[in-house]
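*Asks:* Sequence and predicted structure, then a few things I'm wondering about:
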Amino acid sequence: MTPPPMITAAAAGTWTLGDLEVNRIGFGAMRLAQSGPALVPGAVPRDRGQAVAVLRRAVELGVNHIDTAAFYFSPLRSANELINRALSPYPDDLVIATKVGQPRDPSGAWLPHARPEQLRGLVEENLRQLGRDHLDLVNLRVVGAGPVAERFGALAELRTAGLVRHLGLSNVLPHHLAEARAIAPVVCVQNMYGLGVRPEQDPFVELCGEQGVAFVPFYALAASGRQYGAADGAEHPLVTEVARAHGVSPAQLRIAWTLHRGPHVLAIPGTGDPAHLAANVAAGALRLSGDELALLDALHGGG
């Protein structure tokens, strides 16, 4: 009996970040450096061979958009260095997005948000760890509602200098996008968002689509669990029911729902497990009916 064809990231369709075409299913590297909670001091380092194997398998499955950061690290492991080890020399079509804004010290504790004059050093740290002479995409990570012009302007200068190809924003409000776009092109916005997660973001998701800006949700599966991951046994019965009807997991359904929010919405689920990786990629082929979307959208709006 012939095995079913392998589902690759191409099944999700594509979007163009500036001049870089990517499959809409990508890979988030936050979970690569450790097993268990990320971004916490004393995290348990992941087995290096497992992390390298997952990254190589992601590329085999057609993933050509990897989201990372220099502050994704645990004792002994760094996501950027694992990416470098696994994938260098990099495939020509691979887009690596990183983010800068608030670094962590070597112990893993968060440092104050970077001042404009500190951003070049953070960009150069990513370049060094990834073994690149330029970065495909750098997102400015923002906390709070204050202005971003000075910091975004510093990144725009690095773009002009050739260290950065494209710019984006992370954890921002609509006025931040307007402020940044007045300085330089913005190709993506990364915000916490998902099924039942921050439904108040819906108008912003639509605004990004109208402006040709990719919307890249993070914590779409973990929701309030954030860097600790999704809580076991906490799934809504409706999500479980619709997932079962398609023969997929609730996590796959959540990824598919995210992609249905618009052609400009990209997914970057992360995992250190090869089986979960294949399932995440396969979610890009899932097509939901209008009735199913209506039910899930109502659940989303109700929080």
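*Replies:* Sure, I can see it. Numbering: from 1, shown residues only.

*Asks:* Nearest residue to the spatially most central residue of the chain in space, ignoring adjacent ones along the chain?
*Replies:* The chain has residue 268 as the residue nearest its centroid, 3.9 Å off, counting by C-alpha atoms, centre = their mean. Leaving aside its sequence neighbours, residue 268 sits nearest to residue 28 (C-beta to C-beta, 6 or more residues apart in numbering; 4.0 Å). Backbone N, C-alpha and C define where each C-beta goes, glycine included.

*Asks:* Now do the contacts for that neighbour.
*Replies:* Residues counted as contacts of residue 28 (C-beta atoms under 8 Å, 6 or more residues apart in numbering) are 66, 67, 218, 268, 269, 270.

*Asks:* what distance separates the start and the end of stretch 276-290?
*Replies:* Stretch 276-290 has its terminal residues 27 Å apart, counting by C-alpha to C-alpha, to the nearest Å.

*Asks:* Over that stretch, what's the mean pLDDT, rounded is fine.
*Replies:* Averaged over stretch 276-290, pLDDT sits at 97.

*Asks:* what's in contact with it?
*Replies:* Here stretch 276-290 has contacts from 7-9, 11-13, 23-25, 27, 54, 57-58, 61-63, 242, 246, 248-249, 251-253, 255-257, 259-260, 267, 269, 271, 296, using C-beta under 8 Å, 6+ apart.

*Asks:* what number of residues lie near residue 89?
*Replies:* By other C-beta atoms under 10 Å, 6 other residues sit near residue 89.

*Asks:* Okay, helices next: where are they in the stretch 51-200 of the chain?
*Replies:* Along the stretch 51-200 of the chain, the stretches classed as helices by DSSP state H, counting those that start in this stretch are 79-87, 119-130, 149-160, 174-181.

*Asks:* Let's have the ones you listed in CSV, adding mean pLDDT, distance to residue 167 and mean neighbour count.
*Replies:* Formatted as CSV, those follow (pLDDT from 0 to 100; distance: least, C-beta to C-beta, whole Å; neighbours: other C-beta atoms under 10 Å):
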stretch, mean pLDDT, distance to residue 167, mean neighbour count
helix 79-87, 98, 19, 22
helix 119-130, 98, 11, 18
helix 149-160, 98, 6, 18
helix 174-181, 98, 7, 17
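
*Asks:* Can you add distance to residue 204 and give those back as a markdown table?
*Replies:* Compiled in a markdown table, those are given as follows (distance: least, C-beta to C-beta, whole Å):
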| stretch | distance to residue 204 |
| --- | --- |
| helix 79-87 | 27 |
| helix 119-130 | 24 |
| helix 149-160 | 17 |
| helix 174-181 | 5 |
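
*Asks:* Distance of residue 65 relative to residue 251?
*Replies:* Distance of residue 65 to residue 251, computed by C-beta to C-beta, to the nearest Å: 19 Å.

*Asks:* So if I had to pick from the two, which one is more boxed in?
*Replies:* residue 65 (30 against 21).

*Asks:* Now for the residue nearest to that one when sequence neighbours are not counted: which residues touch it?
*Replies:* Ranked by C-beta to C-beta, 6+ apart and with sequence neighbours excluded, the top spatial neighbour of residue 65 is residue 26, at 3.4 Å. Counting by C-beta under 8 Å, 6+ apart, residue 26 makes contact with 9, 63, 64, 65, 66, 67, 216, 266, 267, 268.

*Asks:* hmm, 10 Å instead?
*Replies:* Neighbouring residues of residue 26 by C-beta atoms under 10 Å, 6 or more residues apart in numbering: 9, 12, 58, 63-67, 95, 97, 216, 266-270, 280-281.
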